[in-house]
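1. Sequence and predicted model, in that order:
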Amino acid sequence: MTFETPSTDPWSVLDAKGVLRPEGRIPAGDDALELRAAYRDMVLARRVDTEAIALQRQGELGLWPSMLGQEGAQVGSGSALRPQDVVFPTYREHGVAWCFGIDPVQLLGLFRGTTMGGWDPRERNFYLYSLVIGAQTLHAVGYAMGIVRDGDVGTGDQDRDRAVLVFLGDGALSEGETNEAFVWAAAQNLPVVFFCQNNQWAISAPFSVQSRIPAADRARGFGFPGVRVDGNDVIACHAATHAALTNARAGGGPTLIEAVTYRRNPHTTSDDDLRYRTASENQEWEARDPIERLRLLLTRGDAGEWIDEAFVTDLAREEQELAERLRSGCRALPLPAPGDPFAHTLERTPSELARQRDEHLAFVAAGAGEHA
């Protein structure tokens, strides 16, 4: 199914007042978004974000990049994934990680300094995390090349066919790596979906100084479809991502999704956002909050699902349990071992890297002996 949208107004089915406009492109049946589950995921993902900010303020984390306001885009896209799909995030996709079953405590390690990053795809299909702006787009395209060569695209077996979902911000569109990734994805018709969360600000640079056209329109110049959706509409984000991933798994090639949303917190906990934007702009976007609009829909029960007082009480208890686990789990994260930076760098450790590792470990052991 093709899923293209006009480049002017983002496609949406759930407005800011929680009123749903049904239409044919929303997946149905087994592919439909479970609205109560999506609401729960957004609420709990926001709690992960809130607790991580508190941990940073308490000195337990060195830094934290908040996703406040982007829960609809992340849960909508993340809930469209299958277990065999592979995800390449930036450093802000905490809601996607939650949907993909990643322990939220593991999200904290990079910002606490207990891990140097790295990734073993045999353990999980989610890379934690990419700090270099735009670099993950080339990683995703390279992995998609491997999927094609493994024959895991277009077989018709829904348990085998795979796709890559890669996230980027609007700032990454100005990076050379991203444009190179678009070229390779298009030229080789790769099973990769680029999900751009256009949160309006690349740190302190507004999107208006980076592009004269909507981000989704860029795809056309590279030769593949672009879709522009309301990033605060979790249902629209799910529908667009579901269609793009289904197309990619079937061998239909890449898609660029632009989810128009807003970063309501500073770029990171070290940023002073009021130096470059106004509080009134933030308040305007707060009125479009993705969690609130789905809550309004579910409170009325217009879509056949609803939440009641018991659901809200249970969710509040789950939030508190999650918060306590994050606090204790963060402080219990183990210190990295001296050999950790050498792990998961390459699939097969070459002799030169092994020599450097052994030399480093011997140096560390000698220093420990001197101070024993």
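-> Nice, I can see it.
2. can you map out the strands along the stretch 151-300 of the chain?
-> Assigned by DSSP state E, counting those that start in this stretch, the stretch 151-300 of the chain shows strands spanning 164-169, 192-198, 201-202, 205-206, 226-230, 255-260.
3. low-confidence ranges in the stretch 51-200 of the chain?
-> Within the stretch 51-200 of the chain, not a single segment meets pLDDT under 70.
4. hmm, try it at 90
-> Within the stretch 51-200 of the chain, the set of residues satisfying pLDDT under 90 comprises 115-124, 128.
5. could you say which helix or strand contains the residue nearest to Val105 when sequence neighbours are not counted?
-> Counting by C-beta to C-beta, 6 or more residues apart in numbering, Val105 lies nearest to Gly329, which is 3.6 Å off, once chain neighbours are set aside. (Each C-beta comes from the backbone N, C-alpha and C, glycine too.) In this assignment (DSSP states H and E), Gly329 forms part of helix 309-331.
6. circling back to that earlier point, model confidence for the residue nearest to Val105, exactly?
-> Gly329 is assigned 98 on the pLDDT scale.
7. Would you confirm that it contacts Leu108?
-> Yes. In terms of C-beta atoms under 8 Å, Gly329 counts as a neighbour of Leu108; the distance is 7.5 Å.
8. of those two, who's got more company?
-> Applying other C-beta atoms under 10 Å to Gly329 and Leu108 shows that Leu108 carries more neighbours, namely 25 against 15.
9. OK, contacts around the more buried one?
-> If you count contacts by C-beta atoms under 8 Å, 6 or more residues apart in numbering, Leu108 has them with 52, 55, 61, 326, 329-330, 333.
10. between those, which is closest to Asp233?
-> Closest to Asp233 out of the contacts of Leu108 is Ala52 (25.1 Å), distances taken as C-beta to C-beta.
11. helix or strand for the closest residue to the closest one other than its chain neighbours, which one?
-> What sits nearest to Ala52 in space, not counting adjacent residues and going by C-beta to C-beta, 6+ apart, is Trp64, at 4.7 Å. Using DSSP H and E, Trp64 sits in no helix or strand.
12. number of nearby residues for Trp64?
-> The local packing of Trp64 (other C-beta under 10 Å) involves 26 other residues.
13. Contact partners for the most centrally placed residue in the chain?
-> The C-alpha lying nearest the average C-alpha coordinate of the chain belongs to Glu93 (C-alpha atoms, centre = their mean; 3.2 Å). Counting by C-beta under 8 Å, 6+ apart, Glu93 touches 67, 74, 78, 87, 129, 167.
14. run the last query once more with 6 Å
-> With contacts defined as C-beta atoms under 6 Å, 6 or more residues apart in numbering, the neighbours of Glu93 are 74, 167.
15. coming back round to it: any figure for the gap between the residue nearest to Ala52 and Gly78?
-> Using C-beta to C-beta, to the nearest Å, Trp64 is found at 19 Å from Gly78.
16. Over to Val193?
-> Per C-beta to C-beta, Val193 is found 12 Å from Gly78.
17. more crowded one of the two?
-> Val193 (31 against 28).
18. What is the burial count for the closest residue to that one other than its chain neighbours?
-> Leaving out its chain neighbours, the residue that sits closest to Val193 by C-beta to C-beta, 6+ apart is Ala244, at 4.4 Å. Ala244: 28 surrounding residues under other C-beta under 10 Å.
19. And Ala16, by the same measure?
-> By the other C-beta under 10 Å criterion, the neighbourhood of Ala16 contains 16 residues.
20. Buried residues, stretch 216-231. List them.
-> Neighbour-count burial for stretch 216-231, counted by 16 or more other C-beta atoms under 10 Å, picks out 216-219, 222, 224-231.
21. tell me, how many neighbours does Ser211 end up with?
-> Neighbour count for Ser211, taken as other C-beta under 10 Å: 14.
22. Do you know the pLDDT at it?
-> Ser211 is given a pLDDT of 85.
23. Repeat that for Ile203.
-> 89.
24. Kindly provide the distance from it to Cys237.
-> 24 Å.
25. Same question for Arg47.
-> The spacing between Arg47 and Cys237, counted by C-beta to C-beta, is 20 Å.
26. Compare those two (neighbour count), which wins?
-> More crowded of Arg47 and Cys237, by other C-beta under 10 Å: Cys237, with 33 against 20.
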